[in-house]
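Trainee: Sequence and predicted model, in that order:
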Amino acid sequence: MHKYLWLLSLFSSSFLLQAGAEPPEGFEALFNGRNLAGWYGDNPHTSKKADDRFASIESQQIAFHKHWTVENGELVNDGQGPYATTDRSYGDIELMLEYKTVPLADSGIYLRGSPQVQIWDTTKEGGKWDRNADKGSGALFNNPKDAAGQLPLVHADNPFGEWNALKIRQLGSRTWVWLNGELVVDGAIQYAYWDKSAPLSAQGPIHLQTHGGEIRWRNIFIREVDAEMANQWLREGERDRGFVPLISDSKLSGWMGDKKGKEVVGDTLHWRDGSHLYTEKEYGDFSFRFEFIMEPEGNNGLAIRYPGKGNPAYDGMTEIQILDHDNERYSTIDPRQAHGSIYGIVPAHRGYFRPYGEWNYQEVEVKGSTIRVELNGTEILNADVAEVDTYMADKAHPGKMLAKGHLGFAGHGSEHYFQFRRLSVKEFD
């Protein structure tokens, strides 16, 4: 059996572990089964509002040790006190754990410090069917109403008195949740709670929430997901259907423009020099996926609905920036020049790059006048250019309402070396 299928089967509804089990291969234990080492108490709803957050957290530690105990290899909370919080912050992860709770209690798991994967009393007697508790646990409760993931796909809770097994995968802000072997959240974006104008933070702690009744936790295992596996998983499943490779023959067949300084090895385009390179075919509404490695000071861009001549940022619909914006060289740029931005028109959120040398995964979706950009699983831009009438340096963008054009890269000279790979596109009707 493939090792990742084995890991999923580990937490099926018919397979639970005894307390104190060894972590699966590649995982480590977050809870040692003996004491509270690696955890501290923090109710962020209290500490984030305090004048001195660190002092607030410090003041919560007596209550933490009062209300959280260890019994027979299980982490036990009596329904009160601050939340159990990991000492470390995490980004892309897989988290496995088991929990058992009681009537009238509800709880949850905060990811990157943000609420939450919900744990309900799903019975009518629990009194929260008006909040959709009857639909089951495991969903992203704090997502906006009707957003993907806000309700679970299926009701998968075990009866009171039985242990429940959760597996959570989070890549960027995209989240998958399996409850007792059933997929209840399928790659939905977890929306940020504390600052709703921004995406979910790139890193943060895990909180085990306490609320209203005893809950027991055991076999809490975690592994950090590397870039290669994260990129593979971000492509998988229903989200990968309908995409067509744009480089498949180790050549630049189907491309035109400046081919100087470009070399294809396998499915990887090595960009060492030259200006714009774009597809022979024109596209209207589409989704484009690619991966890139950027060296320090890197500067390139995606040409969107490019007419084949002129400056893609102005004569085309736009250029989506590909830029090492955290480099000192670009410290004075306009926010509308940051990576992922609609150049000179709408700024993208920053803080979601992977380290130099690792492959970044990006999706750009264009529908009508709306552009959405996702970097490493996090939506960093979603904007309608038709609604914008102020531009960087007051320079107009005459091509921004083009309905169709070429797709490609807008190069900026020989000093910016890039690698692009796994280029694929899906057209929308």
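Mentor: Received the coordinates, thanks. Numbering: from 1, shown residues only.
Trainee: Nearest residue to Ala338 in space, ignoring adjacent ones along the chain?
Mentor: Nearest non-adjacent residue to Ala338, counting by Cβ to Cβ, 6 or more residues apart in numbering: His325, 4.4 Å away. Quick note: C-beta positions are derived from backbone N, CA and C, even for glycine.
Trainee: now swap in His412 and tell me
Mentor: Nearest to His412 is Asn299, by Cβ to Cβ, 6+ apart, at 4.7 Å.
Trainee: Could you do Pro335 as well?
Mentor: Pro347 (3.8 Å).
Trainee: pretty sure the one you found is touching His339, no?
Mentor: No - the pair Pro347 and His339 fails to qualify as a contact (Cβ atoms under 8 Å) at a distance of 10.1 Å.
Trainee: between these two, which one's more packed in?
Mentor: Each of Pro347 and His339 has its neighbours counted (other Cβ atoms under 10 Å); His339 has more, 28 against 20.
Trainee: which stretches of this protein form helices?
Mentor: Secondary structure of the chain, counting by DSSP state H: helices at 3-10, 44-47, 53-59, 61-67, 227-235.
Trainee: residues in contact with the shortest one?
Mentor: Contacts to helix 44-47, defined as Cβ atoms under 8 Å, 6 or more residues apart in numbering, come from residues Arg53, Ser56, Ile57, Gln60, Pro82, Tyr83, Tyr110, Gly113, Trp194, His207.
Trainee: again, 7 Å this time
Mentor: Helix 44-47 is contacted by residues Arg53, Ser56, Ile57, Gly113, His207 when judged by Cβ atoms under 7 Å, 6 or more residues apart in numbering.
Trainee: out of everything not next to it in sequence, what's closest to the fourth one?
Mentor: This points to Gly113. Nearest to Gly113 is Gly204, by Cβ to Cβ, 6+ apart, at 3.4 Å.
Trainee: Tell me, how many residues neighbour the one you found?
Mentor: There are 20 residues near Gly204, going by other Cβ under 10 Å.
Trainee: Quick one: residues contacting it.
Mentor: Counted by Cβ under 7 Å, 6+ apart, Gly204 has contacts Ser89, Arg112, Gly113, Ser114.
Trainee: from what I can see the first one touches Ala202, true?
Mentor: No - Ser89 is not in contact with Ala202 according to Cβ atoms under 7 Å; the separation is 9.3 Å.
Trainee: Neighbour count for these two, which is higher?
Mentor: Relative neighbour count places Ala202 above the other of Ser89 and Ala202, with 18 against 13, counting by other Cβ under 10 Å.
Trainee: hang on, the earlier thing: beta partners of the residue nearest to Gly113?
Mentor: Tyr90 (DSSP bridges).
Trainee: same thing with Glu365?
Mentor: Under DSSP bridges, the residues paired with Glu365 across the bridge are Ser287, Arg372.
Trainee: low-confidence ranges in this structure?
Mentor: 1-19, 238, 414 (pLDDT under 70).
Trainee: The nearest residue to Ser56 once chain neighbours are set aside: neighbouring residues, count only.
Mentor: Using Cβ to Cβ, 6+ apart and skipping residues adjacent in sequence, the residue nearest Ser56 is Ala50, 3.7 Å away. As a burial measure, Ala50 scores 12 neighbours (other Cβ under 10 Å).
Trainee: ok, now Tyr417?
Mentor: Neighbour number of Tyr417 under other Cβ under 10 Å is 16.
Trainee: residues in contact with Pro245?
Mentor: Contacts of Pro245 were listed using Cβ under 7 Å, 6+ apart, and they are Leu423, Ser424.
Trainee: run the last query once more with 6 Å
Mentor: Counting by Cβ atoms under 6 Å, 6 or more residues apart in numbering, Pro245 touches Ser424.
Trainee: can you check Lys426 too?
Mentor: Contact partners of Lys426, counting by Cβ under 6 Å, 6+ apart, are Gly242, Phe243, Ser287.
Trainee: Need the residues you listed in a markdown table (columns: distance to Leu381 and neighbour count).
Mentor: What follows is the contacts of Lys426, written out as a markdown table (distance: Cβ to Cβ, whole Å; neighbours: other Cβ atoms under 10 Å):
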| residue | distance to Leu381 | neighbour count |
| --- | --- | --- |
| Gly242 | 22 | 12 |
| Phe243 | 20 | 18 |
| Ser287 | 14 | 20 |
